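Novice: Give me a 3D structure for the following:
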Amino acid sequence: MLEPTTPNVIPNWVQPPLPPVYVDDEPEFEIAEVLDSKVDNCCCKCKLLYLVCWTRYKGTNKETSWILAMELRNAPELISDFHLAYPVKV
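Specialist: Here you go, the predicted structure:
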């Protein structure tokens with residue numbers, strides 16, 4: 001089980017994010033929440049995308065990103081929570 005990191009006590013030093021956990025030889029990153037969804041007609045594989053907030057990247061330029069819906073197979077609860085909160089979204 002993963003544990004949260006402790007705050008940095010050294011002034012002016014930024015601790016880089018921890019490396020990802022590997023599941024089935026694939027890197028697995030933890031998602032804090034799903035923020036938005038959209039349909040992208042330019043995508044070939046999956047047109048539905050979700051804007052996610054990554055747990056370990058808070059406060060960095062990599063904190064959020066759009067990812068394909070099929071890449072969220074390990075986060076069904078987060079998708080369900082998003083659609084319950086925003087039922088009119090895609």
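Novice: residue ranges for the helices of this protein, please.
Specialist: 76-85 (DSSP state H).
Novice: Report the helix or strand with the lowest average pLDDT across the protein.
Specialist: Within the chain, confidence by mean pLDDT, DSSP states H and E is lowest for strand 26-28 among all helices and strands, at a mean of 77.
Novice: And the contacts of that strand?
Specialist: With C-beta atoms under 8 Å, 6 or more residues apart in numbering as the contact definition, strand 26-28 has outside contacts at 20, 21, 22, 74. Yep, even glycine has a C-beta here, placed from its N, CA and C like the rest.
Novice: what about the protein, any weak spots by pLDDT?
Specialist: Along the chain, the parts satisfying pLDDT under 70 run over 1-8, 15, 17, 43-44.
Novice: re earlier: okay, now the sheet partners of the least confident helix or strand of the chain, with direction.
Specialist: Strand 26-28 pairs in its sheet with strand 21-23 (antiparallel), by DSSP bridges.
Novice: Give the buried residues for the partner strand.
Specialist: When burial is assessed from 16 or more other C-beta atoms under 10 Å, strand 21-23 yields no buried residues.
Novice: Measure how buried residue 52 is and give me the count.
Specialist: Neighbours of residue 52 under the rule other C-beta atoms under 10 Å: 24.
Novice: Residue 41 now?
Specialist: 5.
Novice: thought it was touching residue 47?
Specialist: Yes. Between residue 41 and residue 47 there is a contact at 6.1 Å, judged by C-beta atoms under 8 Å.
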